[in-house]
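Asker: Based on what follows, work out the 3D shape:
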Amino acid sequence: MRPLKIELNEISVNYGKIHALKNLNLTINEGDYIGIVGPNGGGKSTMMKSILGLIKPSKGKITYCGTSLKKSDIRMGYVPQISDINRMFPITVEEVVLSGRMSKEIRPFFKYSEEDKKAVEEVLDTVGLKKLKNRQINELSGGEFQKMIIARALTLKPDILLLDEPTAMVDVMSQRQIFSLIKKLSKDITIVLITHHVQMISKNVKKLIYLDRNIIAEGDPNQVYQYAYLRPVHQSIKKRVVGGAHV
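Answerer: Predicted coordinates:
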């Protein structure tokens, strides 16, 4: 198998008159751990869904190891911003994670194989939920629920894992645990992570991107953080304070 390489070339996505992405160029290489930050409505989720093939770009082309998504053999895992799972549905952690092994074409009398069950045992151990596999999902904390969703995305042993704000609406301790887990996963899997918790990931990611319809800043996490977040604050202060007097 060729080394993973996903290239976005001049990608634009429009929702009617709204330009979610405009002439975006980005290359994702094998082994990357990329953090994506930026304002709400800046196109972060749209970019991720375009990579996954869930949204068709209005303009431009995405290639996967030089070919189309259908023709490539890249395995992609996805952790959406909002899970489609009803937390009150009577189902166990193990059953949810097993669903990640389900074929797109559901056959009559479908039954999970021993290989499926073994894969689920492995990922539950990886995310730290092995002891909770028989627990009903409505008994999980927010952090445990998110780890379960990550485990489901890992069941097919993806080459790249795309996570859209996996720490949204969980407590600070759970945020740290999840970011620590993602850091561990990044040793073996290419990671693209959307988050608002810039300071928590700045020491972990290899590259940080500030996205606002297009890439505004890209590269060293500390430099991008200073450019995107601290520079506007400093400029605002300079505009308001001249020679010690507010203007």
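Asker: quick one: low-confidence parts of the protein?
Answerer: Filtered on pLDDT under 70, the chain yields the residue ranges 1, 103-109, 230-247.
Asker: Quickly find the element holding the residue nearest to the spatial centre of it.
Answerer: Residue closest to the average C-alpha location in the chain (C-alpha atoms, centre = their mean): residue 163, at 1.6 Å. Element membership for residue 163, per DSSP states H and E: strand 160-164.
Asker: So what does the nearest residue to residue 32 once chain neighbours are set aside have for phi and psi?
Answerer: Nearest residue to residue 32, sequence neighbours excluded (C-beta to C-beta, 6 or more residues apart in numbering): residue 190, at 5.2 Å. For the C-beta atoms, the positions are set from N, CA and C on the backbone; glycine is no exception. Main-chain torsions, residue 190, degrees, to the nearest 10: phi -70, psi 130.
Asker: Quick check: buried residues in whatever helix or strand residue 117 lives in?
Answerer: Following DSSP H and E, the helix or strand that holds residue 117 is helix 114-127. Going by neighbour count (16 or more other C-beta atoms under 10 Å), the buried part of helix 114-127 is 116, 119, 120, 123, 124, 126, 127.
Asker: Do you have the helices of this structure handy? List them.
Answerer: Assigned by DSSP state H, the chain shows helices spanning 44-52, 93-98, 114-127, 142-154, 172-185, 198-201, 221-225, 231-240.
Asker: From the chain's centroid, how far away is the second one?
Answerer: Its chain's average C-alpha position is 20 Å from that of helix 93-98, according to C-alpha atoms, centre = their mean, to the nearest Å.
Asker: Which neighbouring elements make contact with that helix?
Answerer: Here helix 93-98 touches helix 114-127, helix 142-154, going by 3 or more C-beta pairs under 8 Å, 6 or more residues apart in numbering; DSSP states H and E.
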